[in-house]
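# Kindly return the folded structure for what I paste below:
(one chain, ligands or ions: 1)
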Amino acid sequence: MDFVFVEKLLVGLLAAVVGAIVVSKIRGRKLRLPPGPFPVPIFGNWLQVGDDLNHRNLAAMARKFGEVFLLRMGQRNLVVVSSPPLAREVLHTQGVEFGSRTRNVVFDIFTGEGQDMVFTVYGDHWRKMRRIMTVPFFTNKVVQQYRPGWEAEAAFVVDNVRADPRAATDGVVLRRHLQLMMYNNMYRIMFDRRFESMDDPLFLRLRALNGERSRLAQSFEYNYGDFIPILRPFLRGYLRLCKEVKETRLKLFKDYFLDERKKLVSTKAMDNNGGLKCAIDHILEAEQKGEINEDNVLYIIENINVAAIETTLWSIEWGLAELVNHPEIQQKLRDEMDAVLGVGHQITEPDTHRLPYLQAVIKETLRLRMAIPLLVPHMNLHDAKLAGYNIPAESKILVNAWFLANNPEQWKRPDEFRPERFLEEEKHVEANGNDFRYLPFGVGRRSCPGIILALPILGITIGRLVQNFVLSPPPGQDKLDTTEKGGQFSLHILKHSTIVAKPRVF
Ligand code: HEM
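Numbers count the residues shown, from 1 in each chain. Down below sits the predicted model:
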């Protein structure tokens, strides 16, 4: 190692220790900070609590420190909120104060320092992006325009699984089919395009780049350089890789999708798709009007690739895993569809509203297996107050939505997968945030606008699979492995299970 660098590092560390002690003495006198473990200089609580601040570890800390607590992760303040009244305060009452986002060193790269919508601070840019994205993506008109396409994609999955003789005996990894389906569901909306098969070279490149982007962003590997800026030089290699992935990915979006669409629109009138515009046409209009620039357009595509495809796919995967592990619930769902729709009638979007047990299965999946259990981290741009405590400006605020929905003091036997709860004691609870104990999509200004698309896609997909197949674990296994894999704020199933899908004969 370079000795000059080490010397600089040591001097820097010493200065940081002295600085941290002085700052903490000055601040300690003035501020009433939320409770939490005692921090040491430079590292704060990082060495005590480690990297993996997942929903379960944070729930355990909430039991010890209370409904709001503070962790100091190196130089970053992390405030964790774990009760419905404080979730209301952060997301609703003080929704403006806490409505910004933190970005770490890696998210800065992937979002061009907040030129996107999901990770930008609360303000004019966010308002503009959210407005521009609403008409092309987040209205019931979009659902009605695209739901025949989603039904066709789900039928495609059913046909492909039916056509694979091994599916009924050894089983298949359903996720692979569902992943292609989710890309097609969203690429139809964005570009009026779909990928023919899992071997489509463009699909493979896109999937690999999106996968790499998620791995790099959700990993804990880079925490040290994010928490302790003086260690950042050691992250150079990691950050270089992030930049490469980001640039290659945006170039792929531009060359193969954006420019292709522009060409198509310029050469022919919009008579494909019955004259209807796809989402990117609306977004390009906003660019032409000078409201946003081309980078913003590319970051909108980037956001949809991550926020829409992965979250919905993980939720479908979790739902199927729970239904395989609870055959009686799976059968009850099948019976409901047979009784209400008639045996063999393939479920469509309007049907999903007539199936209360299907709705309850989806809600229960999103409760027990939240794809974004800590929401997307919020931030207060300025000094703020919460529950009588001072929250220093630019703190990262995590709302532990998973704990709110799984706290045994608030829910009956929360660790059981029991959809019936949403037809019985919790029958008034909806996924749209009408109850602060249940926020799978958040609530308030920064809540998920994609809920309007996600719920029907979940209903159609889970409905079709359960209607057409009896789903069970592979030979030699009596349950699927539902070990969780968490990231910076994501949660998915660790092992993409093989599932036996025995076709039903109608
Ligand atoms: C089951 C599927 C989904 C789940 C569980 C989910 C969950 C969430 C959550 C928890 C948030 C953060 C809320 C907060 O920070 O307060 C969020 C934000 C967001 N989601 Fe979703 N989401 C899903 C599907 C989608 C889809 C399909 C789209 C787009 C088509 C989408 C687009 C977004 C966007 C753009 C944001 C950022 C909103 C903002 O910062 O203003 N999501 N989502």
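# switch to C-alpha atoms for all contacts and neighbour counts from now on
Will do.
# Check whether R445 sits in a helix, strand or coil.
Three-state assignment for R445 (DSSP: H, G, I helix; E, B strand; the rest coil): coil.
# Tell me, how many residues neighbour it?
16 (other Cα atoms under 10 Å).
# shouldn't it be in contact with G99?
Yes. R445 is within contact range of G99, at 7.0 Å (criterion: Cα atoms under 8 Å).
# Show me whatever sits in contact with both of these two.
Common contacts of R445 and G99 (Cα atoms under 8 Å, 6 or more residues apart in numbering): L91.
# Near the ligand, which residues of the stretch 401-506 of the chain? Just list them.
Within reach of the ligand by Cα under 6 Å from any ligand atom, the stretch 401-506 of the chain has these residues: 440-443, 446-451, 453-454.
# repeat that for 8 Å
The stretch 401-506 of the chain has residues 439-455, 458 near the ligand, with proximity defined as Cα under 8 Å from any ligand atom.
# Quick check: nearest residue in space to the residue of the stretch 101-250 of the chain found nearest the ligand, chain neighbours excluded?
Going by Cα to the nearest ligand atom, the ligand is nearest to V118 of the stretch 101-250 of the chain, at 3.9 Å. Nearest non-adjacent residue to V118, counting by Cα to Cα, 6 or more residues apart in numbering: N303, 6.8 Å away.
# which SSE is F69 in?
strand 68-73 (DSSP states H and E).
# May I see the buried residues of that strand?
68-73 (16 or more other Cα atoms under 10 Å).
# Likewise for stretch 477-497?
Neighbour counts over stretch 477-497 (16+ other Cα under 10 Å) mark 480, 482, 486-493, 496-497 as buried.
# which residue packs closest to T498, ignoring adjacent ones?
T498's closest residue in space is V173 (Cα to Cα, 6+ apart), at 4.3 Å.
# distance between the helix or strand where K262 lies and the chain's centre?
Element membership for K262, per DSSP H and E: helix 259-267. With Cα atoms, centre = their mean, to the nearest Å as the basis, helix 259-267 stands 31 Å off its chain's centre.
# I'd like to know how far the residue nearest to V118 sits from A217.
Relative to A217, N303 is positioned 13 Å away (criterion: Cα to Cα, to the nearest Å).
# Which one of those two is surrounded by more residues?
Neighbour count, other Cα under 10 Å: between N303 and A217, A217 has more, with 21 against 18.
# Surely the more buried one is in a helix?
Yes. Judged by three-state DSSP, A217 forms part of a helix.
# And for it, nearest residue in space, chain neighbours not counted?
Nearest one to A217, counting by Cα to Cα, 6+ apart, is V106 at 6.1 Å.
# On the three-state scheme, the one you found is what?
Going by three-state DSSP: V106 is helix.
# Quick check, it in contact with C242.
Yes. Counting by Cα under 8 Å, V106 sits close enough to C242 to count as a contact (7.1 Å).
# Overlap of the contact sets of the two?
Contacts common to V106 and C242, judged by Cα under 8 Å, 6+ apart, are L216.
# if we look at the strand or helix carrying I329, which residues are touching it?
Element membership for I329, per DSSP H and E: helix 327-341. Here helix 327-341 makes contact (Cα under 8 Å, 6+ apart) with 323-324, 343-345, 347, 351, 354-355, 357-358, 463, 466-467, 472.
# do that again at 7 Å, thanks
323, 357-358, 466-467 (Cα atoms under 7 Å, 6 or more residues apart in numbering).
# Quick check: K332 vs the ligand, distance?
According to Cα to the nearest ligand atom, to the nearest Å, K332 stands 23 Å off from the ligand.
# For N380, see how far away that residue is.
Distance of K332 to N380, computed by Cα to Cα: 46 Å.
# Q48: neighbour count?
As a burial measure, Q48 scores 13 neighbours (other Cα under 10 Å).
# Helix, strand, or coil at it?
helix.
# any idea how far it is from the ligand?
From Q48 to the ligand the distance is 27 Å (Cα to the nearest ligand atom).
# Pick out the most distant pair among the buried residues of stretch 477-497.
Distance extremes for those: the farthest pair is L480 and Q488 at 24.9 Å, using Cα to Cα.
# Now, the contacts of helix 327-341 that are in helices?
The helices, defined by DSSP state H, take in 323, 357-358, 466-467 from the contacts of helix 327-341.
# coming back round to it: secondary structure and pLDDT for the buried residues of stretch 477-497 - can I get that in JSON lines?
JSON lines is the format used below for the buried residues of stretch 477-497 (DSSP: H, G, I helix; E, B strand; the rest coil; pLDDT from 0 to 100):
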{"residue": "L480", "secondary structure": "coil", "pLDDT": "97"}
{"residue": "T482", "secondary structure": "coil", "pLDDT": "96"}
{"residue": "G486", "secondary structure": "strand", "pLDDT": "88"}
{"residue": "G487", "secondary structure": "coil", "pLDDT": "89"}
{"residue": "Q488", "secondary structure": "coil", "pLDDT": "88"}
{"residue": "F489", "secondary structure": "coil", "pLDDT": "86"}
{"residue": "S490", "secondary structure": "coil", "pLDDT": "89"}
{"residue": "L491", "secondary structure": "strand", "pLDDT": "92"}
{"residue": "H492", "secondary structure": "strand", "pLDDT": "93"}
{"residue": "I493", "secondary structure": "strand", "pLDDT": "94"}
{"residue": "H496", "secondary structure": "coil", "pLDDT": "92"}
{"residue": "S497", "secondary structure": "coil", "pLDDT": "91"}
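# Quick check on K502: phi, psi?
As for K502, its main-chain torsions (degrees, to the nearest 10) stand at phi -90, psi 120.
# Kindly apply the preceding question to C278 instead.
The phi/psi pair for C278 (degrees, to the nearest 10) is phi -90, psi 170.
# and it, what does it touch?
189-192.
# Separate out the buried members of those residues.
Judged by 16+ other Cα under 10 Å, buried ones among the contacts of C278: 189-192.
# how about a markdown table for these, with secondary structure added?
Below are the buried ones among the contacts of C278 laid out as a markdown table (three-state DSSP):
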| residue | secondary structure |
| --- | --- |
| I189 | helix |
| M190 | helix |
| F191 | helix |
| D192 | coil |
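# Same list, these, but as JSON lines with distance to A308 please.
Conversion of these to JSON lines gives the following (distance: Cα to Cα, whole Å):
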{"residue": "I189", "distance to A308": "11"}
{"residue": "M190", "distance to A308": "11"}
{"residue": "F191", "distance to A308": "15"}
{"residue": "D192", "distance to A308": "16"}
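# coming back round to it: which SSE is immediately downstream of the helix holding I329?
For helix 327-341, the succeeding helix or strand toward the C-terminus, using DSSP H and E, is helix 349-352.
# What helices and strands are in contact with that next one?
helix 451-468 (3 or more Cα pairs under 7 Å, 6 or more residues apart in numbering; DSSP states H and E).
# contacts for the helix it packs on?
Taking Cα under 7 Å, 6+ apart as the rule, helix 451-468 contacts 138, 143, 150-151, 154, 158, 312, 316, 334, 346-349, 352, 358, 441, 503-504.
# Distance from the very next helix or strand once past it to the middle of the chain?
Of the helices and strands lying after helix 451-468 in sequence (DSSP H and E), the nearest is strand 469-472. From the chain centre to the centre of strand 469-472 is a distance of 27 Å (Cα atoms, centre = their mean).
# Which neighbours in the sheet does strand 469-472 have, and how are they oriented?
Sheet partners assigned to strand 469-472 using DSSP bridges are listed as strand 500-503 (antiparallel).
# I'd like the mean pLDDT over the strand it pairs with, please.
Averaged over strand 500-503, pLDDT sits at 98.
# go on, stretch 264-272?
On average, stretch 264-272 scores 70.
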